[in-house]
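**Q** Kindly generate the corresponding structure for this input.
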Amino acid sequence: PSAHPFWGVGLQVLLPTDETQLKTQLADALESEAVLRAACRVLAGLLGLEDPPSRGEARELIDIAERLLTAPELADADVAAPEWLAAQAEVQTLLTNGSERTRLRALRGNEVTPESWDADLGTVRADLNAYRDAWWRVLSGRYRQARRTLAGYCSASVPGDVAEQVALVDDLLAAQRADAEIERLRPLGEKLFGSLWGGPASKGAHHMAHRPARGRTSRALAAR
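**A** Reported below is the predicted structural model:
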């Protein structure tokens, strides 16, 4: 039964009116498929790739085209460099930390001063967290000092809730860790992105490789 053309349809009854409607819908589907196949052939030719033999390959082809359309100018980027594949883990680390840095700065940028992103906040975080659940924390000199230090890095008022204070410091520390990872991978970033690379603030580089190019995508990028 599994070899039957209608296996798995689930219909128990097919009325004459249903058959007429089904024939119309099937004809429309076949026409749409023909248009899609023709468009895929044209797109594959423009990208220098083979015609997609399946629906999955067609989706990948569309994904490649979308990446190319949204990518910045790649003239000075080494899109054919072997490191894209040979150092995939490092590339992904670079891109993940770039995205995290961008997210955190967008999230907290209006709450803190520019100096806060490089401030030594490890002790501040430890002291705030130590008194998170202590009702008498206002009597602690360590807590008051930590709060005053954090307040100095806030562009407005410091969050009133201790949990929010700790969360703010955690985000600042996470951004610092992301910056450190990006700086650690600077040689790789400079090799792959050329003049697009600007260290932690490489907006063009991070956007260009939101996901590492590989396989059909890397070939298309190399031919761009």
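
**Q** Just the buried residues of stretch 170-179, please?
**A** Going by neighbour count (16 or more other CB atoms under 10 Å), the buried part of stretch 170-179 is Asp171, Leu172, Leu173, Ala174, Ala175, Gln176, Ala178, Asp179. C-beta coordinates here come from the backbone N, C-alpha and C atoms, glycine included.

**Q** quick check, Gly10 in a helix?
**A** No: judged by DSSP: H, G, I helix; E, B strand; the rest coil, Gly10 forms no part of a helix; its state is coil.

**Q** What is the neighbour count of it?
**A** Counted by other CB atoms under 10 Å, the residues lying close to Gly10 total 5.

**Q** what does Leu192 give?
**A** Around Leu192 there are 25 other residues, counting by other CB under 10 Å.

**Q** Next: Arg137.
**A** For Arg137, using other CB under 10 Å, the count is 18.

**Q** which one is it nearest to, not counting chain neighbours?
**A** Distance criterion CB to CB, 6 or more residues apart in numbering; nearest residue to Arg137, sequence neighbours excluded, is Tyr131 at 3.7 Å.

**Q** Likewise for Leu94?
**A** That would be Leu185: by CB to CB, 6+ apart, it lies 4.7 Å from Leu94.

**Q** Centre of the chain to stretch 176-195, how far?
**A** 17 Å (CA atoms, centre = their mean, to the nearest Å).

**Q** switch to numbering from 840
**A** Okay, using 840 as the starting number, the last item reads as stretch 1015-1034.

**Q** what's the span of that stretch, first residue to last?
**A** Start-to-end span of stretch 1015-1034 (CA to CA, to the nearest Å) is 24 Å.

**Q** buried set for it?
**A** Within stretch 1015-1034, the residues that count as buried by 16+ other CB under 10 Å are Gln1015, Ala1017, Asp1018, Glu1020, Ile1021, Leu1024, Leu1027, Gly1028, Glu1029, Leu1031, Phe1032.

**Q** So which of the residues you listed sit within helices?
**A** Taking DSSP state H, the ones among the buried residues of stretch 1015-1034 that sit in helices are Gln1015, Ala1017, Asp1018, Glu1020, Ile1021, Leu1027, Gly1028, Glu1029, Leu1031, Phe1032.

**Q** Next, give me the two most distant ones among the buried residues of stretch 1015-1034.
**A** Maximum pairwise distance among the buried residues of stretch 1015-1034 (CB to CB): 23.6 Å, between Gln1015 and Leu1031.

**Q** From Leu924, how far out is Pro1026?
**A** Distance from Pro1026 to Leu924, counting by CB to CB, to the nearest Å: 17 Å.

**Q** So what's the gap between the lengthiest helix in the chain and the chain middle?
**A** Counting by DSSP H, the longest helix found in the chain is helix 855-886. On the basis of CA atoms, centre = their mean, helix 855-886 sits 33 Å off its chain's mean C-alpha point.
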